[in-house]
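A.B. asks: Sequence plus predicted model, see below.
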Amino acid sequence: MPGKNLQQAVATLVQQVQTRVQPLLADVTSLEVSTYGVDAPQFENVAASEDVSLLAQRQGYTRVTFHCDLNACTETGREDEVDAAVRSMHKTMVEISLEGREKLLAVGREALGRQCR
Amino acid sequence: MPGDNVSTGNTKDLKASVQKFASDLAAKVENFVTDISELEVRTYTIAEGKFAAVLDDPKKKNDKVITGEGVQLRAYTRIAFDSDTIVCLPVNDSGQIDGAVWDMHQAAVNQALQNRATMLRTIGDAAASALDALKKSR
């Protein structure tokens, strides 16, 4: 029956979007950025590794915590351990990750909002 | 009346189109959902004179990673869907970070994050449009 197929197709589509976006909105209380210095010959192995820390030494780590409600997230704390050699790169990546996270959250909220209208 | 038949036919066509659109989109979303759960950016250098041999190989067009003579992975970033990030920086023999590679890699990571957000927005828009079309076609 065409009508039923249509509803199923749309329902599947909406469900898939929601399934992906909802965990993002649920797990937004912290952000972690880890920076590793890797010797050139080791790069392929490190990139292919599930757990990078087994093959490379971490030189920078930042954990930012947030308090979030339905409308926004506010930073509540930040811990840093960063070697001087990677400080500027690590700091840049933290900012990039924070911006990316904020953008993704905004898009996620919009996407869910439109589907719930 | 002949006009009624045309109208009924158009409505059926519209429903069939919306159904196909939604089905196609649902299939795409499934791949998209898998693709965006983890964002990876790899920056490579390729030895001079090896570019064509490495990049034009039709067998490797769809490979996730680039391999071949003269190819070297120089920087790598992995960003989970919740934005937790792992960065691997290229360190030379004297323990210094290669700044030129890093600059290019950083630009690529920024671009990839923007693309991911844009894709998510596009998929959300498409899902909302499919829902609207479904309501209107009832």
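C.D. replies: That came through fine.
A.B. asks: looking at it, B:Ala108 is touching B:Leu39, isn't it?
C.D. replies: No: with contact defined as C-beta atoms under 8 Å, B:Ala108 does not reach B:Leu39; the gap is 10.9 Å. In this view, the C-beta of every residue, glycine as well, is placed from N, C-alpha and C.
A.B. asks: between the two, which one's more packed in?
C.D. replies: More neighbours surround B:Leu39 than the other of B:Ala108 and B:Leu39, with 19 against 15 (other C-beta atoms under 10 Å in any protein chain shown).
A.B. asks: B:Ala52: what's it in contact with?
C.D. replies: Shown in contact with B:Ala52 (C-beta atoms under 8 Å, 6 or more residues apart in numbering or on different chains): no residues.
A.B. asks: Over to B:Asn92: give its phi and psi.
C.D. replies: When read as degrees, to the nearest 10, the backbone of B:Asn92 gives phi -80, psi -180.
A.B. asks: cool, and the one 3 residues further on?
C.D. replies: The phi/psi pair for B:Gly95 (degrees, to the nearest 10) reads phi 80, psi 10.
A.B. asks: now B:Gln72
C.D. replies: Dihedral angles (degrees, to the nearest 10) for B:Gln72: phi -140, psi 130.
A.B. asks: what's the burial count for it?
C.D. replies: By the measure other C-beta under 10 Å, the count of residues near B:Gln72 is 16.
A.B. asks: Likewise for B:Ile97?
C.D. replies: Around B:Ile97 there are 18 residues (other C-beta under 10 Å).
A.B. asks: How about the contacts made by it?
C.D. replies: A:Gly37, A:Ala85, A:Val86, A:Met89, B:Leu89, B:Pro90, B:Val91.
A.B. asks: before we move on, what about B:Ala133?
C.D. replies: Contacts for B:Ala133 (C-beta under 8 Å, 6+ apart) come out as B:Leu14, B:Val18, B:Phe21.
A.B. asks: next SSE after the helix or strand encompassing the second one?
C.D. replies: Taking DSSP states H and E as the definition, B:Val18 sits inside helix B:2-36. Read in the C-terminal direction, the helix or strand following helix B:2-36 is strand B:38-46, with elements assigned using DSSP H and E.
A.B. asks: does that following strand come close to chain A?
C.D. replies: Yes: contact between strand B:38-46 and chain A, assessed by C-beta under 8 Å from any C-beta of the partner chain, occurs at B:Glu40, B:Arg42.
A.B. asks: After that strand, which helix or strand is next?
C.D. replies: Remark: after strand B:38-46, the chain's next helix or strand is helix B:51-55, criterion DSSP H and E.
A.B. asks: Name the residues of stretch B:17-25 that are buried.
C.D. replies: Using 16 or more other C-beta atoms under 10 Å in any protein chain shown as the test for burial, stretch B:17-25 gives B:Val18, B:Gln19, B:Phe21, B:Ala22, B:Ser23, B:Leu25.
A.B. asks: Format these as CSV; extra columns: distance to A:Asp69 and pLDDT.
C.D. replies: Formatted as CSV, those follow (distance: C-beta to C-beta, whole Å; pLDDT from 0 to 100):
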residue, distance to A:Asp69, pLDDT
B:Val18, 36, 73
B:Gln19, 38, 74
B:Phe21, 35, 76
B:Ala22, 33, 72
B:Ser23, 37, 75
B:Leu25, 31, 73
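A.B. asks: And the average pLDDT for the one helix or strand A:Ser97 maps to is what?
C.D. replies: Here A:Ser97 sits within helix A:87-116, counting by DSSP H and E. Averaging pLDDT along helix A:87-116 yields 84.
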